[in-house]
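Undergrad: Sequence plus the predicted model coming up.
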Amino acid sequence: MTIADDLMPLLARSGWFVRQPAALQRRLAAAGRVVSLAAGQWVYSQGDEGTGLCALLSGALRLEVALDAERDVLIGLATPPAILGQTRRRGGGPRIVTTRANVPSRVLLIADDALEMVAVAEPGVWRAVNELVYAQLEEMTRVAARLLIQGPAARVAWRLLQIADGPEAKIGQADLAELTGLSRKTVNAHLAAFEAAGAITRGYRGVRIVDASALSRMIR
């Protein structure tokens, strides 16, 4: 069994990946390199010229944007089976966000050069990458819309469901406050209310979702 064979079940959790032809799936899995990351270790930085895809196999990735020289803003927390990135080879630009490990993580990195090699046998890879980039844009647009229209409690509930890997949402209150545009005190109050209602239990740097349907009702 090859490394690509080992990766296929992990990558197959991604809806984007499984929609691709089987031959393209295998070539993408074989074209990348697996990297283990310590908590806080950078994958790539905003503005980097070297682009490509990053498939999250385990752990969690912080997505940050620099507003200025002194402030980075957390805009997302990616959990498996997220596949992120873009390419400069077909009209794209440099990296839009800084991505680094929130906890010890494993990623599959497929650089632009590797995508070019895949394209020799599977030219449809460029269409597939364009679909991935569009999906990322659509997701960020929906995030912005939710933050504009939802009340504080709904924002906290939605973010917990969005970033949860199974029942576990491994995120601290400071990060959750930044992702929802609320103060840490406000987030703590809502988490306490969720816990009292039996929807979650709080732990060290994380939340366990006990009743996802209860959080969904808060969002609606």
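TA: Received, thanks.

Undergrad: Tell me which residue is most central in this protein.
TA: By CA atoms, centre = their mean, the chain has its centre lying nearest to residue 78, at 2.1 Å.

Undergrad: What separation do you get for it and residue 201?
TA: Using CB to CB, to the nearest Å, residue 78 is found at 24 Å from residue 201. Where you see a C-beta, it was placed from the backbone N, CA and C, and this is true even at glycine.

Undergrad: At which residues are the strands of the chain located?
TA: Remark: strands assigned in the chain by DSSP state E are 33-37, 42-44, 52-58, 61-68, 71-78, 83-86, 98-101, 105-111, 168-169, 200-203, 206-209.

Undergrad: if you go through the chain in chain order, where are the helices?
TA: In the chain, the helices defined using DSSP state H lie at 3-11, 15-18, 22-31, 112-121, 125-149, 152-163, 173-180, 184-196, 212-219.

Undergrad: Just tell me which of those helices ends up closest to residue 64.
TA: Nearest to residue 64 among those is helix 173-180 (9.6 Å), distances taken as CB to CB.

Undergrad: So which elements touch that closest one?
TA: strand 71-78, helix 152-163, helix 184-196 (3 or more CB pairs under 8 Å, 6 or more residues apart in numbering; DSSP states H and E).

Undergrad: Export the helices of the chain as JSON lines, with columns for distance to residue 105.
TA: Output for these, formatted as JSON lines (distance: least, CB to CB, whole Å):
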{"stretch": "helix 3-11", "distance to residue 105": "12"}
{"stretch": "helix 15-18", "distance to residue 105": "18"}
{"stretch": "helix 22-31", "distance to residue 105": "18"}
{"stretch": "helix 112-121", "distance to residue 105": "20"}
{"stretch": "helix 125-149", "distance to residue 105": "19"}
{"stretch": "helix 152-163", "distance to residue 105": "14"}
{"stretch": "helix 173-180", "distance to residue 105": "15"}
{"stretch": "helix 184-196", "distance to residue 105": "24"}
{"stretch": "helix 212-219", "distance to residue 105": "24"}
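
Undergrad: what's the most buried one of those?
TA: The highest average neighbour count among these, using mean count of other CB atoms under 10 Å, belongs to helix 152-163 at a mean of 21.

Undergrad: pLDDT averaged over that one - what is it?
TA: Averaged across helix 152-163, pLDDT comes to 93.

Undergrad: Would you mind pulling the contact partners of it?
TA: Here helix 152-163 makes contact (CB atoms under 8 Å, 6 or more residues apart in numbering) with 60, 77, 79, 146-147, 150, 169-171, 176, 179-182, 186-187, 190-191, 193-194, 199-200, 207, 209, 212, 215-216, 218-219.

Undergrad: same deal with stretch 134-141?
TA: With CB under 8 Å, 6+ apart as the test, stretch 134-141 has contacts from 16, 75, 76, 84, 86.

Undergrad: Pick the one among these closest to residue 108.
TA: Nearest to residue 108 among the contacts of stretch 134-141, counting by CB to CB, is residue 84 at 11.0 Å.

Undergrad: ok, and the closest non-adjacent residue to the residue nearest to the centre of the chain?
TA: Take residue 78 and drop its neighbours on the chain: the residue closest to it by CB to CB, 6 or more residues apart in numbering is residue 61, 4.3 Å away.
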